[in-house]
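Peer 1: I'll drop the sequence and a predicted model, then ask my questions.
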Amino acid sequence: MYAIETRGLTKVYGGRRVVDDFAMTVQPGDIYGFVGRNGAGKSTVMKMICGDVAPTAGEVVLFGCEADGEAPASTGASAPRGKGEGARRIGVLIEEPGLLPGLSAYRNLMAKALAWGIVDAPARCEETLRLVGLAGAGSRKVRGFSLGMKQRLGLALALLGNPDVLLLDEPFNGLDPEATRAMRNLIVRLNQSLGITVVVSSHVLDQLDRMVTRYGVIAEGRLVRQMSAAEVAAECGSSLRVRTADTACALALLQEAFPALTFRAEPDGSLAISGDCDAAAVAQALRDNEQVVLEFTQDHRDIEDYFVELMEGGASHV
Ligand SMILES: Nc1ncnc2c1ncn2[C@@H]1O[C@H](COP(=O)(O)OP(=O)(O)OP(=O)(O)O)[C@@H](O)[C@H]1O
């Protein structure tokens, strides 16, 4: 059973399909990195998942139940989606957290908690402040908060209703490196210690790379590809290009010595080797078997280049 499944999800604005037949699957416990260019449709997908925007077609299924519950406000709420036992709570940080600058962090939380009818609101507000590392700043007015503190308070709002799923749209936007790292660590902690499934969109690929378990790539409203973090790491890992005097012999001996690697014979007679390559071990194996090496190069594919290629490929098919 998936935590989130979208089936044929489509949104048309002014005759344009900004999300088109979108089928994503998020496993329970995933931190799902949602990657796409500006305007690709990430926010619209998230808004349809949380019920803030009605799909033109298709459906959202949460933990096996069709999500047809009350729609939460676009930011901060964690209202139930679905009916009865199957209802799941979604916490959302999609646009500006809508904080009241003249109130303290605690009072901001209390105002929402009371509006949403959260049971034992004072204790829950204290608890969420602690969860996001703002326990010591609860009585301070939000007007004096840094951007990073405001984002964490926005996350606290999203956590108030004890959500099963968190949808975070660009949570690192505008944050300095320290605040970015604090936000990243917080997301991982919430996922690992509370078991919250997280969908997070970001243009900061190296931050996603440090925390996500799965990726979904969107281009022009379509899901181009979904893959695990391990698959991305394998595709972006180092690759080798080796040209020897006797390609067939080198291929046979390397395949035997490194069965986990992938080998491809190139038209120019070289071998492209990918997987978890240990260049020194490959070079040693060639030397031990007295192969004459004419060329030996190592490439490292940048994760950003990799995703740009995927997005470009996806967009050109639309
Ligand atoms: N309410 C709306 N009315 C009309 N068009 C909209 C509306 N909301 C979004 N769009 C359009 O839908 C497309 C997808 O927008 P969306 O905000 O989902 O993209 P995104 O991938 O989240 O972009 P970004 O990374 O810039 O936030 C854009 O072309 C946008 O202009």
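Peer 2: All right, it came through fine.

Peer 1: if I've got this straight, L208 is in a strand?
Peer 2: No. The assignment for L208 is helix, going by DSSP: H, G, I helix; E, B strand; the rest coil, so no strand is present there.

Peer 1: show me what contacts it?
Peer 2: If a contact means C-beta atoms under 8 Å, 6 or more residues apart in numbering, then L208 has G33, V35, V200, S202, Y215 as its contacts. Backbone N, C-alpha and C define where each C-beta goes, glycine included.

Peer 1: With T213 instead?
Peer 2: Taking C-beta under 8 Å, 6+ apart as the criterion, T213 is in contact with Q27, G29, D30, I31, Y32, S228, A229.

Peer 1: From those, which land in helices?
Peer 2: The members of the contacts of T213 that map onto helices under DSSP state H are A229.

Peer 1: Relative to H300, which of the contacts of T213 is nearest.
Peer 2: Within the contacts of T213, distances to H300 taken as C-beta to C-beta reach their minimum at A229, with 17.1 Å.

Peer 1: Please indicate which of the contacts of L208 are buried?
Peer 2: Burial of the contacts of L208 was assessed by neighbour count (16 or more other C-beta atoms under 10 Å); the buried members are G33, V35, V200, S202, Y215.

Peer 1: where's the closest residue to the last one other than its chain neighbours relative to G41, distance?
Peer 2: Excluding its sequence neighbours, the residue lying closest to Y215 (C-beta to C-beta, 6 or more residues apart in numbering) is G33, at 4.7 Å. For G33, the distance to G41 under the criterion C-beta to C-beta, to the nearest Å works out to 15 Å.

Peer 1: likewise G117?
Peer 2: With distances taken as C-beta to C-beta, G117 is found 33 Å from G41.

Peer 1: swap in M311?
Peer 2: On the measure of C-beta to C-beta, M311 and G41 end up 12 Å apart.

Peer 1: Check G14 too.
Peer 2: In this structure, G14 and G41 are 14 Å apart, going by C-beta to C-beta.

Peer 1: Assess the claim that I218 and V35 are in contact.
Peer 2: Yes. Using C-beta atoms under 8 Å, I218 makes contact with V35 at a distance of 7.2 Å.

Peer 1: Quick one: name the residues of the chain near the ligand.
Peer 2: Within the chain, the positions lying close to the ligand (C-beta under 6 Å from any ligand atom) are Y13, V18, G36, N38, G39, A40, G41, K42, S43, T44.

Peer 1: Now do the phi/psi pair for R287.
Peer 2: phi -60, psi -50 (degrees, to the nearest 10).

Peer 1: Pick out whichever of M311 and G41 has more residues nearby.
Peer 2: Each of M311 and G41 has its neighbours counted (other C-beta atoms under 10 Å); G41 has more, 24 against 20.

Peer 1: so who does that one touch?
Peer 2: Taking C-beta under 8 Å, 6+ apart, we find G41 in contact with K11, V18, V19, F22, I218, E220, G221.

Peer 1: how about the helices of the stretch 101-250 of the chain, start to end?
Peer 2: Along the stretch 101-250 of the chain, the stretches classed as helices by DSSP state H, counting those that start in this stretch are 105-115, 121-131, 147-159, 177-194, 205-209, 229-236, 247-257.

Peer 1: between the ones you listed, which gets nearest to G91?
Peer 2: helix 147-159 (3.4 Å).

Peer 1: how many degrees apart are the helix or strand F34 falls within and helix 177-194 in direction?
Peer 2: Under DSSP states H and E, the secondary-structure element containing F34 is strand 31-35. Between the direction of strand 31-35 and that of helix 177-194, the angle (axes from the mean of the first three to the mean of the last three C-alpha atoms, to 10 degrees) works out to 140 degrees.

Peer 1: Give me the packing partners of strand 31-35, helices and strands only.
Peer 2: Contacts of strand 31-35 with other secondary structure elements, assessed using 3 or more C-beta pairs under 8 Å, 6 or more residues apart in numbering; DSSP states H and E, are made with helix 42-50, helix 177-194, strand 197-201, helix 205-209, strand 214-219.

Peer 1: Just the CA trace of the fourth one, in CSV.
Peer 2: Meaning helix 205-209. What follows is helix 205-209, C-alpha atoms only, in CSV (Å, rounded to 0.1, in the frame of the first residue of the first chain):
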residue,chain,number,x,y,z
LEU,A,205,19.5,19.3,-5.4
ASP,A,206,22.4,18.8,-3.2
GLN,A,207,20.1,19.2,-0.1
LEU,A,208,17.6,16.7,-1.6
ASP,A,209,20.5,14.4,-2.3
